[in-house]
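J.: Just to be clear, the model below is a prediction. Sequence and coordinates:
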Amino acid sequence: MIEKYGDTSADAITPEYLINFGRSISINAEKDVEFLVFLYLCESTNYGCITRSELKKGLNKMNVRTLSEWKTSKEKLTQIAKGEREDEFRRFHDFVFKYHILIPGRKSLGKEEVLALLPVEFSKYHKDIGQKFLKFFKESTYIDINRDQWAMMLIVFALLSKGETYDVDSAYPIIYDDFYRWLNAVSYTHLRAHETGRNLVCRLLLEKKKKKKK
């Protein structure tokens, strides 16, 4: 495959060849979460590049030897992307961060990177809460996400997706406390916007009574 879709002098599939390689395996290298999952299975350690040994490792994990066998094995990538095994998705989530900070000296992902990455990573798993976090993050003053914040993201998403109680006094990074408050504010505004005339009158009367008691 390196000979057909890569740079033989580098013995790897380099950035300029990745998109064509993706097409050969029916995956959009820029938009499909399955491509990120494949990089994870390859244990890629060079951003935008897959070495021959990494490619072999990824294909072996999928039990694929030729492109003709790819279609029947591609489902494994989708299963990981859907979070069918939470422990596997957790390792994948950790890889996504490490893979994108491979440039020496980097310790966090910038805002634009996060806004581009999360819609891909969470396109099939925790999609609803992921989209809400994206909206919050885009509107917020946060400019990046560090390793600790990224690591806790999956735990918080799982907690909120299941409707479990989030404790703002616990040890979660502050960004998720702010996200939780933002979620509640959005929910409150949504309820007010859909309030019926009768409910509005009742609420105003209750608020009036509360003021009199004070």
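T.: Thanks, I have the structure now.
J.: show me the contacts for Lys107.
T.: Residues in contact with Lys107 (CB atoms under 8 Å, 6 or more residues apart in numbering) are Ile101, Asn146, Arg147. Where C-beta positions appear, they are placed from N, C-alpha and C, glycine not excepted.
J.: Just the buried ones from the residues you listed, in PyMOL syntax?
T.: Only the buried members of the contacts of Lys107 end up in this PyMOL selection, burial being decided by 16 or more other CB atoms under 10 Å:
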select buried, resi 101
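J.: Okay, and which of the contacts of Lys107 map to strands?
T.: Asn146 (DSSP state E).
J.: Pick out whichever of the contacts of Lys107 sits closest to Thr8.
T.: Nearest to Thr8 among the contacts of Lys107 is Ile101, at 28.9 Å by CB to CB.
J.: hang on, that closest one packs against Ser108?
T.: Yes: if you go by CB atoms under 8 Å, Ile101 and Ser108 touch, sitting 7.3 Å apart.
J.: pLDDT weak spots in this protein?
T.: Within the chain, the ranges that satisfy pLDDT under 70 run 1, 67, 71, 186-214.
J.: in the helix or strand hosting Ile80, what counts as buried?
T.: Assigned by DSSP states H and E, Ile80 belongs to helix 75-81. Going by neighbour count (16+ other CB under 10 Å), the buried part of helix 75-81 is Lys76, Leu77, Ile80, Ala81.
J.: Same question for stretch 25-36.
T.: By neighbour count on 16+ other CB under 10 Å, the buried set for stretch 25-36 is Ile25, Ile27, Ala29, Asp32, Val33, Glu34, Phe35, Leu36.
J.: The second one: what's it in contact with?
T.: Meaning Ile27. Ile27 touches Glu34, Phe35, Phe38, Lys74, Leu77, counting by CB under 8 Å, 6+ apart.
J.: which among those gets closest to Lys57?
T.: Phe38 (10.8 Å).
J.: Leu117 reaches Val96, doesn't it?
T.: Yes: taking CB under 8 Å as the definition, Leu117 is a contact partner of Val96 at 6.7 Å.
J.: Mutual contacts of these two, please.
T.: Overlap of the contact sets of Leu117 and Val96 (by CB under 8 Å, 6+ apart) is empty.
J.: Assumed Leu109 was part of a strand.
T.: Yes: judged by DSSP: H, G, I helix; E, B strand; the rest coil, Leu109 forms part of a strand.
J.: Could you measure from the residue lying closest to it once chain neighbours are set aside over to Pro15?
T.: Spatial nearest neighbour of Leu109, excluding adjacent residues (CB to CB, 6 or more residues apart in numbering): Ile145 at 5.2 Å. As for Ile145, its distance to Pro15 is 24 Å (criterion: CB to CB, to the nearest Å).
J.: Can you tell me what sits against stretch 59-79?
T.: Met1, Ser24, Ile25, Ser26, Ile27, Glu34, Val37, Phe38, Leu41, Arg85, Lys124.
J.: of the residues you listed, closest to Asn184?
T.: Nearest member of the contacts of stretch 59-79 to Asn184, counting by CB to CB, is Lys124, at 26.6 Å.
J.: what are the phi and psi values for that closest one?
T.: When read as degrees, to the nearest 10, the backbone of Lys124 gives phi -130, psi -10.
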